[in-house]
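Student: One predicted model, sequence on top.
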Amino acid sequence: MKQKLLELLTAKYLGKGTHKDTLARLAAAYSLQCTTEEEAQALVNKLTDEQVTDFEKEYRSEVDSKLFDSIIKVNLQQNKTERSEQLIDSIKKESDKETNGIQFGTYLTCFGVLCFILALIWLWFYLKK
């Protein structure tokens, strides 16, 4: 019955700017009220353009609201992902700076030890003479 109602509603209202998904929703709502094709035809004939327009406004409002909410959720998720990636990048940069500092300190210590060893060798040769 839903399919028959959809066919009847599509034939009557689709060319008048009503969306097909709105007509499908309307057919689903009215399919519980009729059991024969004659009842379906009578029901569609009783509907006015204003009733269909009002139904579409309500339905579109619901659909647009859900769509807007899902877009907002996706944007929030993207923002979270971007912020977490930025945080990870900044942590990596900080750890790289610390690593570079440690490497420089290691090189400086090795240079100091090498200088000390060379000084001891020089002192040993100087005292040996």
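Tutor: Received the coordinates, thanks. Numbers count the residues shown, from 1 in each chain.
Student: give me the low-pLDDT residue ranges for this structure?
Tutor: Counting by pLDDT under 70, the chain has low-confidence residues at 95-102.
Student: Just the element for the residue nearest to the spatial centre of it, please.
Tutor: Centrality entry for the chain: nearest residue to the mean C-alpha point is residue 74, 2.5 Å, by CA atoms, centre = their mean. Residue 74 is part of helix 49-128, with elements assigned from DSSP states H and E.
Student: now residue 30: how far from residue 103?
Tutor: Between residue 30 and residue 103 the computed distance is 76 Å (CB to CB, to the nearest Å). Where you see a C-beta, it was placed from the backbone N, CA and C, and this is true even at glycine.
Student: who's more crowded, the two?
Tutor: residue 30 (20 against 10; other CB atoms under 10 Å).
Student: doesn't residue 4 make contact with the more buried one?
Tutor: No. At 10.5 Å, residue 30 and residue 4 do not qualify as touching, with contact defined as CB atoms under 8 Å.
Student: Mind listing the shared neighbours of the two?
Tutor: Contact with both residue 30 and residue 4 is made by residues residue 40, according to CB atoms under 8 Å, 6 or more residues apart in numbering.
Student: So what's the residue count around the closest residue to residue 6 other than its chain neighbours?
Tutor: Spatial nearest neighbour of residue 6, excluding adjacent residues (CB to CB, 6 or more residues apart in numbering): residue 27 at 4.0 Å. Around residue 27 there are 21 other residues, counting by other CB under 10 Å.
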